[in-house]
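1. here's my sequence, what's the structure:
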Amino acid sequence: MTNHEVDALIRRIGGGDRKAFAALYEAYRTPVYFYALRLTGSPQKAEDVMQETFLAILNGSKGYTERGKGAAWIYTIARNKANDLFRKERKEAPLSFAEALAAPPPEWDGYPQMLEALNDKERDIVILRVLCGFTLTEIARHKKMPKGSVFWSYNNAMKKLKKYLQEEGESHV
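-> Presented below is the predicted three-dimensional model:
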């Protein structure tokens with residue numbers, strides 16, 4: 001579905017078209033859920049964020065200005081709803097080390113041992129950046145740290161990981 005098609009659906013939703021809402025929901029519920037899951041680290045919270053996102057779309061569609069960026073608008077709403085949840089729960093970060101490593105993707109085989117070479121702060125930053133896909137700026141905001149400290153810690157962690165890999169006989173990072 002193109003952004004212009006998404007824009008058209010949002011415009012129709014703003015006009016009260018329930019079929020348009022059903023079509024948008026069908027097309028975006030799964031991607032929004034998995035995006036929310038990445039942000040929250042919890043299936044239940046991801047479901048809540050997804051539902052809140054679609055309620056916000058339904059309620060905010062009348063004021064939506066078409067710019068060919070309908071999908072970005074949807075994901076921005078989802079991110080804002082996740083941030084609202086974090087604020088409500090007063091969490092520092094969406095995933096802890098244990099939660100992020102509870103079900104790592106297959107390509108992460110062996111990485112938990114490698115991450116033990118890092119201190120807790122570095123490990124959390126690397127996990128949030130690499131596994132969860134957060135930007136370093138987002139990590140700084142969620143962890144309430146200065147951006148410079150997060151950038152420095154991430155770079156320092158990557159140097160440690162590179163050294164670890166070289167010592168283990170691997171030369172790629």
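
2. just the helices in this structure please.
-> Along the chain, counting by DSSP state H, helices occupy 3-14, 18-40, 43-60, 70-89, 97-102, 111-115, 120-126, 136-143, 147-167.

3. I'd like these as TSV, with mean pLDDT and mean neighbour count appended.
-> C-beta coordinates here come from the backbone N, C-alpha and C atoms, glycine included. Shown next, in TSV, are the helices of the chain (pLDDT from 0 to 100; neighbours: other Cβ atoms under 10 Å):
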stretch	mean pLDDT	mean neighbour count
helix 3-14	87	18
helix 18-40	90	17
helix 43-60	92	17
helix 70-89	84	17
helix 97-102	50	14
helix 111-115	67	16
helix 120-126	83	20
helix 136-143	82	18
helix 147-167	87	15
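
4. please give me every residue in contact with residue 58.
-> 13, 21 (Cβ atoms under 8 Å, 6 or more residues apart in numbering).

5. against residue 40, how distant is it?
-> Using Cβ to Cβ, to the nearest Å, one obtains 21 Å as the distance from residue 58 to residue 40.

6. what of residue 77?
-> With the distance defined as Cβ to Cβ, residue 77 ends up 15 Å from residue 40.

7. go on, residue 114?
-> According to Cβ to Cβ, residue 114 and residue 40 sit 25 Å apart.

8. again with residue 85
-> Here the criterion is Cβ to Cβ. By it, residue 85 lies 7 Å from residue 40.
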